[in-house]
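Visitor: sequence unknown, structure follows:
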DNA sequence: AGAATAGTGTCTATCAGACACTATGCA
DNA sequence: TGCATAGTGTCTGATAGACACTATTCT
């Protein structure tokens, strides 16, 4: 049987489709993610990834919302961030049978990166008993609902890989940042330390490429103030 | 509304969920992919990616097959390869509203790589009017059904990226291969040429790492025969 | 012998890792 | 003045690109 075949809408039972979000931020120089506490069975009172059903229209004319729309809707709801442009990408689709004991649920997982200066707006959603940021390091002792630990593991693997060849680190520092702040973001995500001098060289190459530009002002520190820079989002082609 | 919320199975209408496959092989030194011709509307007689519905059980005890199972089932059906171990990975999930005019369909796309010596077993599936390999280069003039061109584009982008840091090229050469054959695979996928000498160095490093091992026998060519090698699948850790 | 392909060696530019050194502002 | 952090310079090893050269087999 292939998709090319004839089928009616009733020939096959359908799975429920949800989106789940792995929302990262840097809190107190720790990689953290947003979890909500479940109010209902199964896994009642367990911590889980925020997410929800994809809205599917019930007619040919209205087929509902796109997957990406569903994800960003959930993201804005959970983080209480409405206007800002947010970093959100599809991660992977988890669809093993029995991953939800009640019924067949296929979930399209997304991951998001929230700048630390915006992470303060989290509120418990209407269906969540509670919500909050959790350090990834301390998650080991906290059993998550469903297969959400697998989703978190994959998301971490993804951003660790992607940070080497895409500019996602800029999504985890303020609008204007110092070299040290950016290096901290790299170190936290990768879980390793980078030589200050060598990182500076890398930074300078990015400036030469136009990815980063100088910025008026300095960041006050305990000693010598540091130059501020800005990420150039719209690179001229 | 979040997943943590209370919901009954009937509260929400559900999308149909399918898997679609981008099946690559090397044919006559050209990157090719498997397409089937649709027998039914919509897009009747158009070429499309092979795929099909995910089997979803209708009870709590039987929730049906895993997504990956559905994908490999389709792959084996379409390629007529039953025993062999095949390379298959999830690509991306396409779920825009109205991507199928009849109803809401979310498709989980996978991509597969078939060794050229196994590519001959393709047969037209029961629901397909026809099936065959198409050179990717010549696809430009062939309009595909649904959003399948987007899926193909993304799959190509994925393997082009992945070939640089994973050993997927070995999935597109015979069990034993020469350096030149492997280099050809790289060149075809990346769409660029590699210096013979430099590629050999890279090859030698892979041998030093134990990824590739020497193999008895030579491949006859128009002139000097070439050494054969084998990909070491199970690297000792 | 000549063609064709396999196989080797070398020079250079780039970049990362390691590490030492200088400069500047704050307490 | 001393400390902490910003900022700079240098050496080395690994790797990629360009390219020249040698070796072997077939016709």
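Guide: Structure's in. What do you need? These numbers come from a predicted model, not from an experiment.
Visitor: Just give the closest residue to residue A:183, not the sequence neighbours.
Guide: Spatial nearest neighbour of residue A:183, excluding adjacent residues (CB to CB, 6 or more residues apart in numbering or on different chains): residue A:199 at 4.8 Å. The way it works is simple: take the backbone N, C-alpha and C, and place the C-beta from them, glycine included.
Visitor: Mind pulling up the pLDDT for that neighbour?
Guide: Looking at residue A:199, its pLDDT stands at 98.
Visitor: hang on, it in a strand?
Guide: No. Using DSSP: H, G, I helix; E, B strand; the rest coil, the secondary structure at residue A:199 is helix, not a strand.
Visitor: who's in contact with it?
Guide: By CB atoms under 8 Å, 6 or more residues apart in numbering or on different chains, the contact set of residue A:199 is A:179, A:183, A:186.
Visitor: That one and residue B:232, how far apart?
Guide: 36 Å (CB to CB, to the nearest Å).
Visitor: ditto for residue A:56
Guide: Where residue B:232 is concerned, residue A:56 sits at a distance of 47 Å (CB to CB).
Visitor: Tell me which of those two has more neighbours.
Guide: residue A:56 (23 against 16; other CB atoms under 10 Å in any protein chain shown).
Visitor: Report all helices and strands that the helix or strand of chain A with the lowest mean pLDDT contacts.
Guide: Here the helix or strand of chain A ranked lowest by mean pLDDT, DSSP states H and E is strand A:128-135, holding a mean of 85. Contact partners of strand A:128-135 among helices and strands, from 3 or more CB pairs under 8 Å, 6 or more residues apart in numbering or on different chains; DSSP states H and E: strand A:16-27, strand A:30-38.
Visitor: Run the chain-centre distance for that strand.
Guide: 15 Å (CA atoms, centre = their mean, to the nearest Å).
Visitor: quick one: strands adjacent to that strand?
Guide: Strand A:128-135 pairs in its sheet with strand A:30-38 (antiparallel), by DSSP bridges.
Visitor: on contacts alone, who are the packing partners of the following helix or strand past the partner strand?
Guide: Following strand A:30-38 in sequence order, the next helix or strand is strand A:47-48 (DSSP states H and E). Judged by 3+ CB pairs under 8 Å, 6+ apart, strand A:47-48 is in contact with strand A:30-38.
Visitor: ok, and the most crowded of the contacts of residue A:199?
Guide: residue A:183 (22 neighbours).
Visitor: what about residue A:57, how many neighbours?
Guide: With other CB under 10 Å as criterion, residue A:57 counts 16.
Visitor: Show me the residue at the heart of chain A, geometrically.
Guide: residue A:112 (1.9 Å; CA atoms, centre = their mean).
Visitor: Could you tell me which residues of chain A lie near DNA strand C?
Guide: Contact residues, chain A versus DNA strand C (CB under 7 Å from any atom of the strand): A:194-198, A:201-202, A:205, A:220, A:222-225.
Visitor: mind listing the helices in chain A by residue range?
Guide: A:67-79, A:148-162, A:179-190, A:196-208 (DSSP state H).
Visitor: Could you figure out how far the last one is turned away from helix A:179-190?
Guide: This points to helix A:196-208. 100 degrees (axes from the mean of the first three to the mean of the last three CA atoms, to 10 degrees).
Visitor: hmm, helix A:196-208 in reach of DNA strand D?
Guide: Yes. Helix A:196-208 reaches DNA strand D (CB under 7 Å from any atom of the strand) through A:196-198, A:200-201.
Visitor: can I get those residues in CSV with distance to chain B?
Guide: Listed next are the residues of helix A:196-208 next to DNA strand D as CSV, based on distance: CB to the nearest CB, whole Å:
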residue, distance to chain B
A:196, 27
A:197, 26
A:198, 21
A:200, 26
A:201, 23
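Visitor: DNA strand D: which of those is nearest?
Guide: residue A:197 (2.8 Å; CB to the nearest atom of the strand).
Visitor: what about the residue in chain A that DNA strand C sits nearest to, how many residues close to it?
Guide: Taking CB to the nearest atom of the strand, DNA strand C has its nearest neighbour within chain A at residue A:197, 2.7 Å off. Neighbour count of residue A:197, defined by other CB under 10 Å: 7.
Visitor: swap in the one 10 residues further on?
Guide: By other CB under 10 Å, 13 other residues sit near residue A:207.
Visitor: residue contacts, the closest residue to it other than its chain neighbours?
Guide: Residue nearest to residue A:207 in three dimensions, not counting chain neighbours: residue A:213, with 7.1 Å by CB to CB, 6+ apart. Residue A:213 makes contacts with A:207, A:229-230, A:232, as judged by CB under 8 Å, 6+ apart.
Visitor: what stretches of chain A score poorly on pLDDT?
Guide: A:1-12, A:123-129, A:235-237 (pLDDT under 70).
Visitor: Where does the record place the domain boundaries for it?
Guide: A:9-138, A:168-231 (automatic domain parsing).
Visitor: quick revisit: would you check which pair of the contacts of residue A:213 lies furthest apart?
Guide: A:207 and A:230 (10.6 Å; CB to CB).
Visitor: Now do the shared contacts for these two.
Guide: A:213-214.
Visitor: who does residue A:24 bridge with?
Guide: residue A:33, residue A:113.
Visitor: measure it to residue A:86 for me?
Guide: For residue A:24 relative to residue A:86 (CB to CB), the value is 12 Å.
Visitor: okay, the two: which has more neighbours?
Guide: Comparing residue A:24 with residue A:86 by other CB under 10 Å, the one with more neighbours is residue A:24, at 26 against 18.
Visitor: was I right about that one contacting residue A:155?
Guide: Yes. Counting by CB atoms under 8 Å, residue A:24 touches residue A:155, with 7.5 Å between them.
Visitor: Spit out the residues that contact those two alike.
Guide: residue A:111.
Visitor: distance of residue A:42 from residue A:201?
Guide: Taking CB to CB, one finds residue A:42 at 52 Å from residue A:201.
Visitor: and what of residue A:86?
Guide: Taken as CB to CB, the span from residue A:86 to residue A:201 is 31 Å.
Visitor: same deal with residue A:145?
Guide: Residue A:145 is 44 Å from residue A:201, by CB to CB.
Visitor: out of the two, which sits in the more crowded spot?
Guide: For residue A:145 and residue A:201, the more surrounded residue by other CB under 10 Å is residue A:145, and the numbers stand at 21 against 10.
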